[in-house]
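1. Structural data only, the sequence is not supplied:
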């Protein structure tokens, strides 16, 4: 059974939350979704805020500016397995192919 976009997003968000749990990811968001050139996998870009980064913000001054982390999650369209997770700031989705 093929994995559709909603399933791919759910798989990607779940894996990012679990794998980066020590960083305390919050405010997970879907940013974009694409397919690999060969059409065999989904490329799901998700973002989150690390709680460690939030604590380093300027919240004492009333400013809550923190940098979002971006990850591209490659999800196999057939089996639904996560094939790769890469930093979005260093790669384009095509680099994950």
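-> Ah, there it is. Note that the structure is a prediction, hence the values are computed from the model and not measured.
2. Now do stretch 50-60, average pLDDT.
-> For stretch 50-60, the mean pLDDT works out to 60.
3. go on, stretch 16-27?
-> Rounded mean pLDDT across stretch 16-27 is 80.
4. Would you mind naming the helix or strand containing the residue nearest to residue 19 when sequence neighbours are not counted?
-> Leaving aside its sequence neighbours, residue 19 sits nearest to residue 85 (Cβ to Cβ, 6 or more residues apart in numbering; 6.8 Å). Yep, even glycine has a C-beta here, placed from its N, CA and C like the rest. Secondary structure assignment for residue 85, by DSSP states H and E: strand 82-87.
5. for that strand, which positions count as buried?
-> Neighbour-count burial for strand 82-87 flags 82, 85, 86 (criterion: 16 or more other Cβ atoms under 10 Å).
6. about what we covered before: contacting residues for the residue nearest to residue 19?
-> By Cβ atoms under 8 Å, 6 or more residues apart in numbering, residue 85 lies in contact with 15, 16, 19, 71, 72, 73, 74.
7. Quick one: buried ones out of those residues?
-> Here, 16+ other Cβ under 10 Å leaves 15, 16, 71, 72, 73, 74 buried among these.
8. List the residues that contact the third one.
-> If I follow you right, that is residue 71. 16, 45, 46, 47, 48, 85, 86, 87, 88.
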